[in-house]
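S.K.: Need the 3D shape of this:
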Amino acid sequence: MDAKVFSKDGKETGKVTLPESVFGVAWNADLVHEVVVGMQANAREGNAHTKDRSEVRGGGKKPWRQKGTGRARHGSRRSPIWTGGGVTFGPRSEKDYSVKINKKVKAKALASVLTKKLADAEVIFVDSLKLDAPKTKDAKAVFTAIANGSGNEAMAKKRKNAAVVVLAERDLATEKSFRNFGNIEVIQAKDVNPVDLLTYKYVVVADATASVEVLAGRIAPAAKSK
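M.R.: Next up, the predicted model:
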């Protein structure tokens, strides 16, 4: 299986061979859903936290004597029925939302999403995105040229979640150049995951041959287990 490779100017420069184990996997919606929901749960921090009656201030002294006042008896101002008292059954930061995701299942879901994206013509392979220096203007020109040259003009016009740029290895100049775009994310091939791929409409794979090799290396163990 081959795919076209484009230059930064949007011109076709050659082809890249795509392994079947990465871009030729059947779409499995249930598997992808399981992995995406699991990853989102693992990313949840659970910052909401309320204090119970043992954590709020005050309440060391009994508000008033037990009998003879005509009022209801109370033992502490920390009681949940008092203003400023503790909270009953409120959210606690120690709650764990994480779930276990099998590595092979995650790899298969990644291959399934990549295959679906390729079938929908939403994956664009580029020979290189290296820039001499971090410059947003240059990054915008390159992004537009690639979109127009590959026949995906809508990518350059999409205002939200336009594309995720995949790099074979870290390139600070490229990362900083695209940093000011709110609709583009730059990640390395070793960190690509189903959540990012499904969040953004298009996938721009830079250093096509090297990036594909990295992806194949991640998914190969899952392919062998079939």
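S.K.: those helices in this protein, which residues are they?
M.R.: For the chain, the helices defined by DSSP state H occupy 20-23, 29-42, 103-119, 136-149, 153-157, 172-178, 194-199, 208-224.
S.K.: how far out from the middle of the chain is the fourth one?
M.R.: Read it as helix 136-149. Chain-centre distance of helix 136-149: 24 Å, with Cα atoms, centre = their mean, to the nearest Å.
S.K.: by contact count, what packs against that helix?
M.R.: strand 123-126, helix 153-157, helix 172-178 (3 or more Cβ pairs under 8 Å, 6 or more residues apart in numbering; DSSP states H and E). In short, each C-beta sits where N, CA and C put it, glycine included.
S.K.: Counting neighbours, which bits of it end up buried?
M.R.: Under the neighbour-count criterion of 16 or more other Cβ atoms under 10 Å, helix 136-149 has 139, 140, 142, 143, 145, 146, 147, 149 buried.
S.K.: quick one on the thing from earlier: among the helices of the chain, show the one with the smallest mean pLDDT.
M.R.: Across those, helix 208-224 has the smallest mean pLDDT, namely a mean of 83.
S.K.: residue closest to the middle of the protein?
M.R.: Centroid check for the chain by Cα atoms, centre = their mean gives residue 196 as the closest residue, at 4.1 Å.
S.K.: doesn't residue 164 make contact with that residue?
M.R.: Yes. Between residue 196 and residue 164 a contact is recorded at 5.3 Å, counting by Cβ atoms under 8 Å.
S.K.: Count residues in the vicinity of residue 203, would you?
M.R.: Neighbours of residue 203 under the rule other Cβ atoms under 10 Å: 20.
S.K.: pLDDT wise, what is it at?
M.R.: 96.
S.K.: Please name the nearest non-neighbouring residue to it.
M.R.: Excluding its sequence neighbours, the residue lying closest to residue 203 (Cβ to Cβ, 6 or more residues apart in numbering) is residue 123, at 4.7 Å.
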